[in-house]
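Undergrad: What follows is a predicted structure for the sequence shown.
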Amino acid sequence: MTETYKQLAQRQIPNAAALVYAPAAGKIALIKGIRITNPTVSDATVRLYHINSGGTNNDASTIIPTTTIPAGGHAQDDDLIVMDALDELNCVSGTNNGLTISVYGMEIS
């Protein structure tokens with residue numbers, strides 16, 4: 001088996017909690033990096049959730065609490081996150097589509 005780290009997801013973050021990434025069916029994911037950028041001219045908030053299968057976006061599933069990303073700035077998290085099949089990485093911003101999230105890691109069968 002070849003293990004290759006790659007970009008798993010990249011999207012703009014809406015102002016309602018939405019799916020950023022979920023492992024493909026029958027796979028687990030090792031997330032090694034998450035980068036959130038703010039190319040706008042205004043500060044914007046972001047909150048990130050790791051939802052276990054069947055869970056919801058709430059305080060218990062929050063992995064990055066509401067954080068302000070300054071205008072022209074970014075935030076990065078390089079802690080290892082293990083996601084099982086049917087888990088979800090969800091995100092919400094205080095500014096609709098102002099921030100971009102990129103997720104890096106690998107999927108394993």
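TA: Sure, I can see it. Residues are numbered from 1 along each chain as shown.

Undergrad: Now N15: phi and psi?
TA: As for N15, its main-chain torsions (degrees, to the nearest 10) stand at phi -90, psi 20.

Undergrad: Extract the C-alpha trace of the helix or strand M106 falls within and format it as CSV.
TA: Using DSSP states H and E, the element containing M106 is strand 100-108. What follows is strand 100-108 as a C-alpha-only set of coordinates in CSV (Å, rounded to 0.1, in the frame of the first residue of the first chain):
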residue,chain,number,x,y,z
THR,A,100,-11.2,29.4,2.6
ILE,A,101,-10.4,26.1,4.3
SER,A,102,-7.9,23.6,2.9
VAL,A,103,-7.6,20.1,4.5
TYR,A,104,-4.5,17.9,3.9
GLY,A,105,-3.9,14.3,4.8
MET,A,106,-4.5,10.8,3.5
GLU,A,107,-7.3,8.2,3.3
ILE,A,108,-6.6,4.6,4.2
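
Undergrad: Buried residues in that strand, which are they?
TA: The neighbour-count check on strand 100-108 (16 or more other CB atoms under 10 Å) flags T100, I101, S102, V103, Y104, G105, M106, E107 as buried. To be clear about C-beta, it is placed using only N, CA and C from the backbone, and glycine gets the same treatment.
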